[in-house]
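This is the structure alone, sequence omitted:
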């Protein structure tokens, strides 16, 4: 199956700082999805990317679909306490969704 | 509109027992998928159903089964529970051709 590796595994940052995390795959993807999961909740879709090189923003979040189609990054600008959670990248291949290993973000007020 | 709903929210079972988890998709969504999320890991795909037919299956043993009803709700069944089945079970729904899916809050299963 697909392997999605996310880095870093965890991050501790000060409120107001910018954050960058990335995801790499062992295969070429047609779609990159970024989800955020709060404790005890299901993942919530943040951004969907459909074309190589595509750069998409959602408020303070920006994500890019790598031109090799094997990677993607997610940036969060001016972090706030509610950004705390686990961020997952995911891909939809055929009828299966594959999720990455996750990046845990802690924002220190 | 209501999002994806799942029941129960929490469940405690003992080894060897059977469990049934339920999911209602977003209105208009005909595709339902099930995932298992062990603590500290990303969700692992178990099944996808579309129009009551199984369209995808992940690498899970035959103890795991599912079905989808005419109203597009779905059940996940797990037989002969093992300690390792303890996890958050997530249901997600989407429209047939969409690439994005929407998750429910999950059912937390604890096997003792």
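Sure thing, it's come through. Given the structure is predicted, the values throughout are model-derived calculations rather than measurements. Numbering: from 1, shown residues only, chains lettered A, B, ... in the order given.

Just the mean pLDDT for the longest strand along chain A, thanks.
Counting residues, the longest strand found in chain A (DSSP state E) is strand A:85-93. For strand A:85-93, mean pLDDT is 90.

is chain B contacted by it?
Yes: part of strand A:85-93 sits near chain B under the criterion C-beta under 8 Å from any C-beta of the partner chain, namely A:88, A:90, A:92. For every residue, glycine as well, the C-beta is placed using N, CA and C.

Columns neighbour count on top of those, output as TSV?
Output for the residues of strand A:85-93 next to chain B, formatted as TSV (neighbours: other C-beta atoms under 10 Å in any protein chain shown):
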residue	neighbour count
A:88	24
A:90	25
A:92	19
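
Just give me the closest of these to residue B:38.
residue A:88 (13.7 Å; C-beta to C-beta).

Surely that closest one touches residue A:99?
Yes: judged on C-beta atoms under 8 Å, residue A:88 makes contact with residue A:99 at a distance of 5.0 Å.

Spit out the residues that contact those two alike.
A:35, A:43, B:42, B:43 (C-beta atoms under 8 Å, 6 or more residues apart in numbering or on different chains).

which of the residues you listed are buried?
A:35, A:43, B:42, B:43 (16 or more other C-beta atoms under 10 Å in any protein chain shown).

Direction included, what does the helix or strand of chain A with the lowest mean pLDDT pair up with?
Using mean pLDDT, DSSP states H and E, the weakest-scoring helix or strand in chain A turns out to be strand A:96-99, at a mean of 84. Neighbouring strands of strand A:96-99 in its sheet, by DSSP bridges, are strand A:85-93 (antiparallel).

Ignoring the adjacent residues along the chain, who's closest to residue A:3?
residue A:26 (4.4 Å; C-beta to C-beta, 6 or more residues apart in numbering or on different chains).

again with residue A:5
Nearest non-adjacent residue to residue A:5 (C-beta to C-beta, 6+ apart): residue A:24, at 5.3 Å.

and that neighbour, that one's in a helix?
No: using DSSP: H, G, I helix; E, B strand; the rest coil, the assignment for residue A:24 is strand, not a helix.

my guess is it meets residue A:71, correct?
Yes: using C-beta under 8 Å, residue A:24 is in contact with residue A:71, at 4.6 Å.

where does chain A have low pLDDT?
A:1-2, A:94-95 (pLDDT under 70).

State the distance from residue B:52 to chain A.
15 Å (C-beta to the nearest C-beta, to the nearest Å).

Thanks a lot, see you next time.
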